[in-house]
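S.K.: what's the 3D shape of this:
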Amino acid sequence: MTNPQAGRRFLLDEDLSPRVAEVARGLGVDVESVHELDRRGLSDREQLHLAAVEGRIFATRNRDDYIALTVEFYGTSEPHNGVLIVPRGLTNNRPERIAHTIKRWVDARATAPGAFDSYHLDFLSH
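M.R.: Residues are numbered from 1 along each chain as shown. From the prediction side, this is the model:
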């Protein structure tokens, strides 16, 4: 039996509570936070590069910068495993809500392998 979440691994930006990662892992989603990895303060470029090298989709609230970086990475063929934009309406004071929304996002794509490949961007809806 294949794992429906294979390839759906995430790295959360420092603008998201590390509690989101804890809750999401409890839901069976492979999520790490830059807080947990002690990577706070790295540049956006470095964070996106590390996520790609680790085979993780980068989740962030920083929409504009990561859209620009995705276009740039595509243009230079730099590794990129995708970006998931978390809207500000999903607030950090409710990390469970963000985690459950990520889980629903993963589950919705479980039947569509390859639907979220390199250089893709998507937006969580709440």
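S.K.: so where's the protein uncertain?
M.R.: Residues of the chain meeting the criterion pLDDT under 70: 1-7, 112-115.
S.K.: host element of the residue most central in space within it?
M.R.: The centroid of the chain falls nearest to Ala59 when counting by Cα atoms, centre = their mean (2.7 Å). Per DSSP states H and E: Ala59 is located in strand 57-60.
S.K.: tell me what that strand is packed against?
M.R.: Contacts defined by 3 or more Cβ pairs under 8 Å, 6 or more residues apart in numbering; DSSP states H and E place strand 57-60 against strand 9-12, helix 44-53, strand 83-85. Any C-beta I mention is one placed from the backbone N, CA and C, and that applies to glycine too.
S.K.: of those, flag the one that's most buried.
M.R.: strand 9-12 (a mean of 24; mean count of other Cβ atoms under 10 Å).
S.K.: any idea which helix or strand comes after that one?
M.R.: Downstream of strand 9-12, the next assigned helix or strand under DSSP H and E is helix 18-26.
S.K.: who does the helix or strand that that following helix is followed by pair up with?
M.R.: For helix 18-26, the following helix or strand on the C-terminal side (DSSP H and E) is strand 30-33. Strands that pair with strand 30-33, judged by DSSP bridges, come out as strand 9-12 (parallel).
S.K.: quick one: contacts for Leu90?
M.R.: Residues near Leu90 by Cβ atoms under 8 Å, 6 or more residues apart in numbering: 97-98, 101, 124, 126.
S.K.: equivalent analysis for Val83, please.
M.R.: Contacts of Val83 by Cβ under 8 Å, 6+ apart are 48, 57-60, 66-67, 69-70, 120-122.
S.K.: run the last query once more with 7 Å
M.R.: Val83 makes contact with 57-58, 60, 66, 70, 121, according to Cβ atoms under 7 Å, 6 or more residues apart in numbering.
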